[in-house]
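In: Predicted coordinates and the sequence they were generated for:
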2 protein chains.
Amino acid sequence: MKDTPSHLPSYDDMLAAHERIRPYIHRTPVLTSSYLNALTGAELFFKCENFQKAGAFKVRGASNAVFGLSDDIAAKGVATHSSGNHALSLSYAAGRRGIPCHVVMPRTAPQAKKDAVHGYGGIITECEPSTTSREAVFAEVHAATGADFVHPYNDPRVIAGQGTCSKELMEQVENLDAVIAPIGGGGMISGTCLTLSTLAPKVQIYAAEPEQADDAYRSFKAGHIIADDAPDTIADGLKVPLKENTWHFVSHHVTDILTASEDEIIEAMKLTWKRMKIVIEASCAVPLATILKNPEVFQGRRVGVIITGGNVDLDTLPWIR
Amino acid sequence: MKDTPSHLPSYDDMLAAHERIRPYIHRTPVLTSSYLNALTGAELFFKCENFQKAGAFKVRGASNAVFGLSDDIAAKGVATHSSGNHALSLSYAAGRRGIPCHVVMPRTAPQAKKDAVHGYGGIITECEPSTTSREAVFAEVHAATGADFVHPYNDPRVIAGQGTCSKELMEQVENLDAVIAPIGGGGMISGTCLTLSTLAPKVQIYAAEPEQADDAYRSFKAGHIIADDAPDTIADGLKVPLKENTWHFVSHHVTDILTASEDEIIEAMKLTWKRMKIVIEASCAVPLATILKNPEVFQGRRVGVIITGGNVDLDTLPWIR
């Protein structure tokens, strides 16, 4: 496992990304809930990327990659492998630029996400739901098309794009003490670290992860990347392992990684729907689940919570069996 | 059936209501969806009262009634009968003022709404799910407590309060051609008429109603109030009939009443959840359902759509059977 970063994005790359992607993204709202504040004892500020174009923050990084390509490279299109939201975000961005987008996707991904990729014009090749299969199938697709590879989270262009979310959050909310976001491959957390380590270095950064896919937690404690093949969790966006670029940011700038059980994640997801009246994915309920589980860490503090996406298969909700 | 208004609120009553209730309500956001605009051919501006305090617009009228009471009358509390959101809104407002709130509620009302009324401190007495039973049980409760009766929609204080929603909408969105809202007893529509007939008389007002509870539609066509006892629809907030004050506004200021089937309402509800990532009740999906059904009425126009509430029982969604 390679732990040394290949090419890291800079703070200026993040600023340039924000200018580049502005026409293609929403400046998403920040919502609050007096009920959840009373319940947690913290002041929570939810940055609602479920309202983002294509339904997730991933359109930030995908758009930065797509619209940063020269015309001759762009002509061959872009390609990626993804558990879902990066796939449809890249399809959306490629569609806006009018270039092809090839996606390798686990056959077990939610039908809602497959339909959305098709809806944005993406071309899907299915693989088995393991990192090993995904990488093998992707190599074939990549070789056949010559498309530019946009990794869902390890790509420096993607990390710079995701960092624009925290930049907006800091413009929208004053005097935050901490920011918490879910962690899978680490793209959103890395972008958050990239932005806040320069813009607001006193703000603590927490990552939230499912117990059943806790490779980032174990990596953080061990001091080197530990990857699992095919972990199982309801938070389907968080199954992928850290890579060398995201590991760099996680290991240098994250205060702590907190975990939650499947039941705790589902409960926090339902609570958010019920009280905030917003549709969020299981993945982005993990931060609230960890806040409820570790009240002593957050009580009395102003905490930004990144709601990463809202692309849910409404026909199969985890609390209705 | 009495068709003559007892006491009508004025535009100044609405302005006074807005000042009175400001500390107790949210100025809710207006959301848009490029997907739904493309689908309907209209420009839709969704006034999101699902994000309102207590989860529905009804807190506007309820707060206006509660905070307008003199101290000696307030001391005996308030009482009402309601299919749901008025009950919990009045409980919320009474709780903020520190006075009791007595609620007569159908035993068939969603458990989520009963729980919410209890959560805000309301005292529930159950009745059968018919207008006849509701009024009989309420008379007993009212006599026993001496509480001030706040009718869920026919009360002029309530109509004036609901009118503040359209005032905000006109401040938030320029050059609207039309506003559409669901109609049950007609409180929101009457408040909309009250406000727009003075503030923006050229804006057309449409009401949207379930086919299976179309008493307002039939009243509008007949020219006098027609009431059904115990109609059946998924849009549980819209089962009640017009009364003389709301009939006044509907008959004088509404351009048309449009209806939608149960399947069309459920489809529009699910589409809103899926595309806009917001939790809305079936009742407030009726406007979108009628817009999709009558595209020629709305195409090319700027239309305000009032999303009336988000208090849904998440365990029993109508598209999961």
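Out: Received, thanks.

In: how close does the spatially most central residue of chain A get to chain B?
Out: Centroid check for chain A by CA atoms, centre = their mean gives residue A:188 as the closest residue, at 4.6 Å. As judged by CB to the nearest CB, to the nearest Å, residue A:188 and chain B stand 18 Å apart. The C-beta positions use only the backbone N, C-alpha and C, and glycine is treated the same way.

In: again with residue A:41
Out: 19 Å.

In: Check the burial of that residue by counting its neighbours.
Out: 13 (other CB atoms under 10 Å in any protein chain shown).

In: Give me the pLDDT for the closest residue to it other than its chain neighbours.
Out: If the residues on either side of it in the chain are set aside, residue A:41 comes closest to residue A:299, at 3.9 Å by CB to CB, 6 or more residues apart in numbering or on different chains. Looking at residue A:299, its pLDDT reads 98.

In: And the one 4 residues further on, by the same measure?
Out: Residue A:303 carries a pLDDT score of 98 in this model.

In: is the strand or helix carrying it up against chain B anywhere?
Out: Assigned by DSSP states H and E, residue A:303 belongs to strand A:302-307. No - for strand A:302-307 and chain B, the contact criterion (CB under 8 Å from any CB of the partner chain) is not met; the two come no nearer than 9.3 Å.

In: near chain B, which residues of the stretch 51-200 of chain A show up?
Out: A:51, A:55, A:112.

In: 7 Å instead, please
Out: Within the stretch 51-200 of chain A, the positions near chain B by CB under 7 Å from any CB of the partner chain are A:51, A:55.

In: Tell me where the model's unsure across the stretch 51-200 of chain A.
Out: A:83 (pLDDT under 70).

In: Name the residue of it that lies nearest to chain B.
Out: residue A:51 (5.9 Å; CB to the nearest CB).

In: Count residues in the vicinity of the residue nearest to residue A:41, would you?
Out: 12.

In: ok, now residue A:40?
Out: With other CB under 10 Å as criterion, residue A:40 counts 19.

In: just residue A:201 next, same as before
Out: Residue A:201: 9 neighbours (other CB under 10 Å).

In: Ok, residue A:33 next?
Out: Going by other CB under 10 Å, the residues that sit close to residue A:33 add up to 18.

In: For residue B:226, see how far away it is.
Out: 41 Å (CB to CB, to the nearest Å).

In: again with residue A:39
Out: Applying CB to CB to residue A:39 and residue B:226 gives a distance of 46 Å.

In: Show me what the stretch of helix or strand residue A:113 belongs to packs onto, helices and strands only.
Out: Element membership for residue A:113 (DSSP H and E) is helix A:111-119. Secondary-structure packing of helix A:111-119 (3 or more CB pairs under 7 Å, 6 or more residues apart in numbering or on different chains; DSSP states H and E): helix A:85-97, strand A:123-127.

In: what about the strands in chain A?
Out: A:30-31, A:43-48, A:78-81, A:101-106, A:123-127, A:148-149, A:178-182, A:204-210, A:256-260, A:302-307 (DSSP state E).

In: Would you reformat those as CSV and include distance to residue A:290 and mean neighbour count?
Out: Formatted as CSV, those follow (distance: least, CB to CB, whole Å; neighbours: other CB atoms under 10 Å in any protein chain shown):
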stretch, distance to residue A:290, mean neighbour count
strand A:30-31, 19, 18
strand A:43-48, 12, 23
strand A:78-81, 28, 26
strand A:101-106, 26, 26
strand A:123-127, 31, 17
strand A:148-149, 33, 18
strand A:178-182, 7, 27
strand A:204-210, 4, 26
strand A:256-260, 4, 21
strand A:302-307, 10, 26
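
In: Compile those strands into TSV and extend it with columns for distance to residue B:319.
Out: Formatted as TSV, those follow (distance: least, CB to CB, whole Å):
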stretch	distance to residue B:319
strand A:30-31	25
strand A:43-48	24
strand A:78-81	31
strand A:101-106	25
strand A:123-127	25
strand A:148-149	38
strand A:178-182	27
strand A:204-210	27
strand A:256-260	28
strand A:302-307	23
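
In: Quick one: closest of those strands to residue B:66.
Out: With CB to CB, the closest approach to residue B:66 among the strands of chain A belongs to strand A:30-31: 26.0 Å.

In: Can you tell me the strand partners of the closest one and which way each runs?
Out: Strand pairing for strand A:30-31, using DSSP bridges, gives strand A:43-48 (antiparallel).

In: Only C-alpha atoms, please: export the strand it pairs with in PDB.
Out: What follows is strand A:43-48, C-alpha atoms only, in PDB (Å, rounded to 0.1, in the frame of the first residue of the first chain):
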ATOM      1  CA  GLU A  43     -25.000  24.500  17.900                       C
ATOM      2  CA  LEU A  44     -25.100  22.600  14.700                       C
ATOM      3  CA  PHE A  45     -24.900  24.200  11.200                       C
ATOM      4  CA  PHE A  46     -25.800  21.800   8.500                       C
ATOM      5  CA  LYS A  47     -24.200  22.500   5.100                       C
ATOM      6  CA  CYS A  48     -26.800  21.000   2.800                       C
END
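
In: domains in chain A, as residue ranges please.
Out: A:11-56+A:155-307, A:59-149 (automatic domain parsing).

In: Helices of the stretch 201-321 of chain A, residue ranges please.
Out: A:215-222, A:244-253, A:262-276, A:286-293, A:295-298 (DSSP state H, counting those that start in this stretch).

In: which one of these is the most hemmed in?
Out: helix A:286-293 (a mean of 26; mean count of other CB atoms under 10 Å in any protein chain shown).

In: pLDDT (mean, whole number) over it?
Out: 98.

In: And the contacts of it?
Out: Helix A:286-293 has contacts (CB atoms under 7 Å, 6 or more residues apart in numbering or on different chains) with A:40, A:42, A:180-182, A:208-210, A:235, A:238, A:258-260, A:264-265, A:268, A:272, A:298, A:305.

In: where does the stretch 201-321 of chain A come near chain B, residue by residue?
Out: A:270, A:273-274, A:277-279, A:310, A:314-315, A:319-320.

In: Need those residues in JSON lines (columns: pLDDT).
Out: Shown next, in JSON lines, are these (pLDDT from 0 to 100):
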{"residue": "A:270", "pLDDT": "98"}
{"residue": "A:273", "pLDDT": "98"}
{"residue": "A:274", "pLDDT": "95"}
{"residue": "A:277", "pLDDT": "97"}
{"residue": "A:278", "pLDDT": "98"}
{"residue": "A:279", "pLDDT": "98"}
{"residue": "A:310", "pLDDT": "94"}
{"residue": "A:314", "pLDDT": "92"}
{"residue": "A:315", "pLDDT": "90"}
{"residue": "A:319", "pLDDT": "94"}
{"residue": "A:320", "pLDDT": "89"}
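
In: Tell me which two in those are the farthest apart.
Out: A:277 and A:315 (19.9 Å).

In: Out of the two, name the residue with the larger neighbour count.
Out: Taking residue A:277 and residue A:315 together and counting by other CB under 10 Å, residue A:277 has the greater number of neighbours (26 against 13).

In: Please report phi then psi for residue A:109.
Out: phi -60, psi 150 (degrees, to the nearest 10).

In: Hmm, residue A:85 and it touching each other?
Out: No - the pair residue A:109 and residue A:85 fails to qualify as a contact (CB atoms under 7 Å) at a distance of 10.2 Å.
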